[in-house]
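> sharing a model that was predicted from the sequence below.
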Amino acid sequence: MLDCRRAHDSLSASIDGTLPWWKRILLRVHLRICPGCARTDQSLRKCHGVVASLRDVPPIIDDDAEP
């Protein structure tokens, strides 16, 4: 069983897909019984989705801006 600190340490790796399968299982179990960590996981996943969507947005070039 994971404690909250270890669960938090595993969240980013889980989102990135780099967490080993057995740690993913432990994390899923923890997220089912810990509402605080589950909320943190949801927030991180939303942020990850927003950041990932920014890759498709072309940069804005302001020719009038000073260097």
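Right, received. Where do you want to start? Residues are numbered from 1 along each chain as shown.

> pLDDT averaged over the helix ranked longest in the chain - what is it?
Looking across the chain with DSSP state H, the single longest helix is helix 35-54. If you average the pLDDT over helix 35-54, you get 93.

> list the buried residues for that helix?
Using 16 or more other Cβ atoms under 10 Å as the test for burial, helix 35-54 gives Cys37, Thr40, Asp41. The C-beta positions use only the backbone N, C-alpha and C, and glycine is treated the same way.

> and the residue most central in space within the chain, how close does it get to Cys37?
What sits nearest the mean C-alpha location of the chain, by Cα atoms, centre = their mean, is Leu44, with 3.8 Å. According to Cβ to Cβ, to the nearest Å, Leu44 stands 10 Å off from Cys37.

> residues that sit against both of those two, list them.
With contacts taken as Cβ atoms under 8 Å, 6 or more residues apart in numbering, Leu44 and Cys37 have Leu11 as neighbours in common.

> re the thing from before, nearest to Asp56 among the buried residues of helix 35-54?
Closest approach to Asp56 among the buried residues of helix 35-54 (Cβ to Cβ): Asp41, at 24.3 Å.

> now do the contacts for that closest one.
Contacts for Asp41 (Cβ under 8 Å, 6+ apart) come out as Leu11, Ser14, Leu31.

> then Met1?
Residues near Met1 by Cβ under 8 Å, 6+ apart: Leu26, Val29, His30.

> just to revisit the earlier point, wait, doesn't the residue nearest to the centre of the chain sit right on Ser10?
No: Leu44 is beyond contact range of Ser10, at 11.1 Å (criterion: Cβ atoms under 8 Å).

> what comes up buried for stretch 25-36?
Neighbour-count burial for stretch 25-36, with 16+ other Cβ under 10 Å as criterion, is recorded at Leu26, Leu27, His30, Leu31, Cys34.

> noted, bye for now.
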